[in-house]
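Engineer: Provided below for reference: sequence and predicted model.
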Amino acid sequence: MHIDILEYRHRNIVNDRSCFQSLVWHESVDPYDSDIPCILSLSWVKSVGPYDIGISPIVRLLDALATRKELSPSVQRQAWCLREKFRSLQDFLQESESQELNEVGMAWMEELGDVCRSAENVVGLFMDSQRKKKRKPPITKLVWSSRNFTSKSKIAQQLACIEDKICDIYGRRFEAIPISVPDVSRSEFSKIFDRMAKEPPCAADEIDIVSFKDDVDAVTAQLLNEDPRCLTISIVGARGIGKASLAKLIYDSQAIAHHFPHRVWISSRGESKETIMMQILGIEGSDIYRDPKDTEESYICRVRQTVNAFFMDKKYLIVIDDPCSSKVWNACEFWRGMGSAFNEISNGTRILFTVCHIWQAPPLTETNFTCRLHLRTNDESWALFKHTLQVNIPPELQHLKGRIISKCGGLPAVIVKLAELLSHTDATLEEWSRVLDQLNQDEEPWSGVLEEIKNYLPLYLRRCLFYFGLFPAGYKIPARRLIALWVAEGLGHQQDDAISPEYVAETCLRELINYTIVQVTESKLNGKVKTCCLPEALQVHWFKKAKEAKFLQGHSNISDTDIGVIRRLADHLQQNDAVFDDIHHFNNTSSFSRYRDVVSFISFDTREGSKPGEEIGNFLDRCISSNCFRLLWVLDLEQVYKPKLPKAVGQLILVEVPSA
C-alpha cells in the first residue's frame, strides 16, 4: 500500500487530538512573556506545510532553550546540537517530499512523530516551569499537571534520550524513504546532520559553533552595535586557537549576512597597507599609493575621499585575516597608516581583524575593540572533540575522556588533530592509548604559545608561570589557592601600594589566561575562574625551562646524582622523586643541607589516616633541627590530613601559611 507523504502528514497530525490539545495555553498572556508562549502555542496543525511535519516549532523551542542563561553550558550545548539534528531531518524531508510512502515509511514517520511530540513536551514543560518560578501567580498554565514539570537536573538526561532516538531515526532514513539521490547528496545530508567535516577547521560548517558560542555572541553583538561609526574588532590569540574559524563562523552567520549587504574577506600574506586597502576597495591604480610630492595630510585627504566615495551607500563587513605567518604586516600598522581614512564613515561599516599578539591589534579606543580567545574549558574541549570525531565512542573507551581532555590542553588545533587521528584508528583501548601517548611528543601545535612565552611574556609573569611546575601533571589548581601562594611569596607586579596583593595576583592570572598559556578548566557561575592548569604539553616543553632557571631545582628522578640545592619543594608522593625518601622515610639528615635555602614547601599527600600528618611533622622537625628552612616563606599543607606540626615551627619567623 502506498500513500502520499503530504496526505499522511495531514491525516496523522490532524487526527492526533492529544498532540493538538497538549499545547493549549490560556489566553491571559502578558505581552512581556509572549516570546515563549508564542513558540509553544504553535499547534501541530498550524505547523503543517509543504515541507514540514511539525519540526519547525521544535527547532524554535530548542533555539530558545539554548539561550536560557540559567542553564549550564553543557545543557545549552545539548539543546544546540539537538536543534541541528532536527533541522537536518527537516532538510531530508524536504528533499523526499515528492516520494510515496510504503508501510515501512509510514512506520518510520510515525516513530518520528512520537519523538517530535516527546521533544516538544519535554522542552515545553521545562520552559513553562522556569517561567512560573519567576512570576507569582503564573501568567500562563499548561493543561499538564505541575507534577510533570521538568527540572534542571532532569532536562539534560531527557534531551540525551531524545538525541539517541533521533540519531537512530536519522540513520534509517533511506531505508524508510528510498529517495533517488546521488551518493554525494547523501554524504551532504550526513555532513549537515552532524555538522562535522573531515578536513581541518577552516570553514564555518567545520567548527562546532557551540564550543565557541560565547565568543561568537560577544563579537556578533559588537558588530551589530547601532553605532554608525566605523568600528574595528580584533580577535587575538596564538596560532591554533581558532581565530580564523571564529571569524568564519561569524562571517557566514545569517544575522551578519542580513545586517551587512556587503562583505569581503581578505587574507593577509604580508602585503603592504596600500595593497590591503586596494583589496578592500576592489580597485587597482595609483590613487592609494603615496606620491613623493604628497604631504602626510594631503595623502590621507586623498585616500579619505576615495574611501568616502566607496562607502557612501554601502555598509560593509571587512574581515582581514592574518595567518600569523607575516612578520611585516600587522593590523596595528595598517590602522596607524590608514585608520584615519575611515573616520568620516557613518553607515555602520565594521572591520574585523584576526591577530596573533595584542600589540598587533589597533590600540584600544572607543571605536577599537579586542576579543581575546582563551584555551577551551574542559566542557568546550570535549564538545569540540566529539564534534570532530564523527564516530560514536564505545562504552569501554568512555573512561579515556579525562585523559583526552588533559592531552589536548584546550587548544582547538590539538583537539581537532587528535579527533582526526582517532577517527582513523581502530576504536580499541590499545590503539587509542598509543595515539594519546604520542600526542605531546610533538611541540609544533604549541609552537605559537611557546613563542609567546619566549618572546613576549614579561619576567614577572614568567615567575608566576614557573609556579605551575610545582603542581602535579593534570592537577586542577583552585584559583584561590594559586593566588594565595603567589601573594605569600610576593609574586606579581605591584606598582601601586594602594592595590591589594590579591588583586595583583588575580590580574597576573588573567594575563596568563589571555596569553593562551593557562587553561581555565572550570568556571564559577559568575564567570570567574574556579580551577585552572598549565596544559600538559606546555608542562612537557616548559618544565625544563623552569629547571634551567633553577626555579624547580632538585625535582629530579631518584637516579639523578646532581640534585643540587632546592629552593621550592613540592611533595607529589611519588616514590621515584629524589625527595620522597627524605620526607616519608627516616633517612639520616646528612642530605638535608640541600633544603637549607627552601623558600616554599607544598605537600600533595592526600592519603587518609594519621600517617601523612606524622611524616610531614617529622620531616619538618628534622629539617629545622638541621638548621634548614630558615628562609621558608610559604608552608602549604592544605592537602594533608591533620598535619602534626612540631614546636620547632615557631622558629620559622618568615613563614606565612597561605589562606583563601
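Structural biologist: Right, received. Where do you want to start? Residues are numbered from 1 along each chain as shown.

Engineer: Would you state the strands of the stretch 351-500 of the chain in chain order?
Structural biologist: Using DSSP state E, counting those that start in this stretch, the strands of the stretch 351-500 of the chain run over residues 368-372, 477-478.

Engineer: Same list, these, but as CSV with distance to Gly237 please.
Structural biologist: For the C-beta atoms, the positions are set from N, CA and C on the backbone; glycine is no exception. Listed next are the strands of the stretch 351-500 of the chain as CSV, based on distance: least, C-beta to C-beta, whole Å:
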stretch, distance to Gly237
strand 368-372, 7
strand 477-478, 22
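
Engineer: longest helix of this structure?
Structural biologist: Identified as the longest helix of the chain according to DSSP state H is helix 103-134.

Engineer: Same list (the strands of the stretch 351-500 of the chain) but as CSV, adding mean pLDDT.
Structural biologist: Formatted as CSV, these follow (pLDDT from 0 to 100):
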stretch, mean pLDDT
strand 368-372, 92
strand 477-478, 92
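
Engineer: Which helix or strand lies directly C-terminal to the longest helix of the chain?
Structural biologist: helix 152-171 (DSSP states H and E).

Engineer: For the helix or strand just after that following helix, the averaged confidence score.
Structural biologist: Following helix 152-171 in sequence order, the next helix or strand is helix 173-176 (DSSP H and E). Mean per-residue pLDDT for helix 173-176: 82.

Engineer: Give me the buried stretch members for helix 173-176, please.
Structural biologist: Arg173, Ala176 (16 or more other C-beta atoms under 10 Å).

Engineer: swap in stretch 626-634?
Structural biologist: Across stretch 626-634, burial judged by 16+ other C-beta under 10 Å covers Cys628, Phe629, Leu632, Val634.

Engineer: mean confidence for it?
Structural biologist: If you average the pLDDT over stretch 626-634, you get 87.

Engineer: ok, and what's touching that stretch?
Structural biologist: Around stretch 626-634, the neighbours that count as contacts under C-beta atoms under 8 Å, 6 or more residues apart in numbering are 485, 488-490, 589, 592-593, 595-602, 620, 623, 651-652, 654-658.

Engineer: Of all residues in the chain, which one is nearest the centre?
Structural biologist: Geometric centre of the chain, nearest residue: Arg376, 3.3 Å, by C-alpha atoms, centre = their mean.

Engineer: quick one, domains of the chain?
Structural biologist: Using automatic domain parsing, the domains assigned to the chain come out as 3-194, 204-372, 378-439, 448-544, 553-651.

Engineer: Please enumerate the helices of the stretch 201-350 of the chain.
Structural biologist: According to DSSP state H, counting those that start in this stretch, the stretch 201-350 of the chain carries its helices in the segments 213-223, 243-252, 254-259, 273-281, 296-311, 331-338.

Engineer: give me phi/psi at the closest residue in space to the residue nearest to the centre of the chain that isn't next to it in sequence?
Structural biologist: Closest residue to Arg376 apart from its sequence neighbours, by C-beta to C-beta, 6 or more residues apart in numbering: Gly410 at 4.3 Å. Dihedral pair for Gly410: phi 80, psi 0, per degrees, to the nearest 10.

Engineer: For Gly410, list the residues it contacts.
Structural biologist: Contacts of Gly410 (C-beta under 8 Å, 6+ apart): His374, Leu375, Arg376, Thr377, Asn378, Glu380, Ser381, Gln519, Val520, Pro535.

Engineer: how about 10 Å then?
Structural biologist: Residues counted as contacts of Gly410 (C-beta atoms under 10 Å, 6 or more residues apart in numbering) are 241, 374-378, 380-381, 384, 516, 518-521, 533, 535.

Engineer: again, but for Met312
Structural biologist: Ile345, Asn347.

Engineer: ok so, going back, output the helices of the stretch 201-350 of the chain as CSV; include the columns mean neighbour count, mean pLDDT and distance to Glu84.
Structural biologist: Output for the helices of the stretch 201-350 of the chain, formatted as CSV (neighbours: other C-beta atoms under 10 Å; pLDDT from 0 to 100; distance: least, C-beta to C-beta, whole Å):
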stretch, mean neighbour count, mean pLDDT, distance to Glu84
helix 213-223, 17, 90, 13
helix 243-252, 22, 91, 14
helix 254-259, 12, 90, 14
helix 273-281, 19, 83, 34
helix 296-311, 15, 84, 36
helix 331-338, 19, 85, 33
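
Engineer: Skipping adjacent residues, who's closest to Ile624 in space?
Structural biologist: With sequence-adjacent residues excluded and distances taken as C-beta to C-beta, 6+ apart, Ile624 is closest to Ala648, at 4.1 Å.

Engineer: Then Ala244?
Structural biologist: Using C-beta to C-beta, 6+ apart, the nearest residue to Ala244 is Asp321, at 5.3 Å.

Engineer: if I read this right, the one you found contacts Ile250, doesn't it?
Structural biologist: No. Between Asp321 and Ile250 there is no contact under C-beta atoms under 10 Å: 11.8 Å.

Engineer: what residues are shared contacts of the two?
Structural biologist: Common neighbours of Asp321 and Ile250 (C-beta under 10 Å, 6+ apart) are Ile235, Leu352.

Engineer: measure the residue nearest to Arg376 to Arg403 for me?
Structural biologist: Note on Gly410: its distance to Arg403, by C-beta to C-beta, to the nearest Å, is 14 Å.

Engineer: Tell me which two of the contacts of Gly410 sit farthest apart.
Structural biologist: Greatest spacing in those, by C-beta to C-beta: Leu384 and Val518 (18.8 Å).

Engineer: more neighbours, these two?
Structural biologist: Val518 (28 against 24; other C-beta atoms under 10 Å).

Engineer: element containing the residue nearest to that one when sequence neighbours are not counted, please.
Structural biologist: Among residues not flanking Val518 along the chain, Leu512 sits closest, at 4.2 Å (C-beta to C-beta, 6+ apart). Assigning secondary structure by DSSP H and E places Leu512 in helix 501-514.

Engineer: For that helix, buried residues please.
Structural biologist: For helix 501-514, a neighbour-count test (16+ other C-beta under 10 Å) marks Pro501, Val504, Ala505, Glu506, Cys508, Leu509, Glu511, Leu512, Ile513, Asn514 as buried.
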